[in-house]
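In: my questions concern the predicted model and sequence given below.
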Amino acid sequence: MNTQIEVRQMTSEDIDIIYRVFTEHNIGKSLDYISKCWEENKTGKRITLLAFYKGNFAGSLHLLTKSFYPHFAENNIPEVNDFNVIPPLRRYGIGNELMDAIEKIALEKYGVVGIGVGLYKSYGSAQRLYAKRGYIPDGKGLMYNQQPVEPGSQVCADDDLNLYFTKNV
């Protein structure tokens, strides 16, 4: 555990700092989206964890208690979602601290946790992180907008093209 990193659950007072820091670092999260995330925290639809490095906001990670991905939703598998670490603070262990904390919550309550990951180059570090942490493909194949990609079909290689993984206790 890195003593320079603090991880805690989001509060309403965090909305403005999250928006400001994400905007400064060109992480496209609107104020409306961040506010919606807070509202979903209050209703239990989402758990948002924030990381602070040396006292400064460094990133966030969400757990959707009901995934939009049908296989996870049907099987009561919560989904790790929207994982962001501020670019200049990457490689300090912040992402691993966030993942440790969110997995602890998910695994204690559900016994399993799921995650979807994009397939193009900018997702490479995430792909490697999840594999190192013991996530395995869910066996449902490639998905586009949470729906199966049929053999021979063409899809756009964008943020909606994902492979989904799970991790058990």
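Out: Nice, thanks for sending it over.

In: now the residue positioned nearest the centre of the chain. Nearest residue, chain neighbours left out?
Out: By C-alpha atoms, centre = their mean, the chain has its centre lying nearest to Asn81, at 2.8 Å. Excluding the flanking residues, the one nearest Asn81 by C-beta to C-beta, 6 or more residues apart in numbering is His62, at 4.5 Å. For every residue, glycine as well, the C-beta is placed using N, CA and C.

In: in the strand or helix carrying the one you found, which residues are buried?
Out: According to DSSP states H and E, His62 maps onto strand 56-64. Of the residues in strand 56-64, those buried by neighbour count under the rule 16 or more other C-beta atoms under 10 Å are 57-64.

In: ditto for stretch 155-162
Out: Buried-residue list, stretch 155-162, by 16+ other C-beta under 10 Å: 161-162.

In: angle of the longest helix anywhere in the chain against strand 56-64?
Out: What stands out as the longest helix in the chain, according to DSSP state H, is helix 94-110. Per axes from the mean of the first three to the mean of the last three C-alpha atoms, to 10 degrees, the angle that helix 94-110 makes with strand 56-64 is 30 degrees.

In: helix 94-110 - what's its average pLDDT?
Out: Confidence for helix 94-110, expressed as mean pLDDT, is 94.

In: what of stretch 23-37?
Out: Across stretch 23-37, pLDDT averages out at 95.

In: same check, this time on stretch 130-142
Out: 95.

In: do the same with stretch 41-51
Out: pLDDT averaged over stretch 41-51 gives 97.

In: now the end-to-end length of it.
Out: 16 Å (C-alpha to C-alpha, to the nearest Å).

In: name the residues of it that are buried.
Out: Within stretch 41-51, the residues that count as buried by 16+ other C-beta under 10 Å are 41, 46-51.

In: ok, back up a step: please, which helix or strand holds the residue nearest to the centre of the chain?
Out: Counting by DSSP H and E, Asn81 is found in strand 79-85.

In: in stretch 25-42, what's buried?
Out: 27, 29, 34, 37-38, 40-41.

In: how many residues are close by the residue nearest to Ile5 when sequence neighbours are not counted?
Out: Residue nearest to Ile5 in three dimensions, not counting chain neighbours: Glu97, with 4.8 Å by C-beta to C-beta, 6+ apart. Neighbourhood size, Glu97 [other C-beta atoms under 10 Å]: 23.
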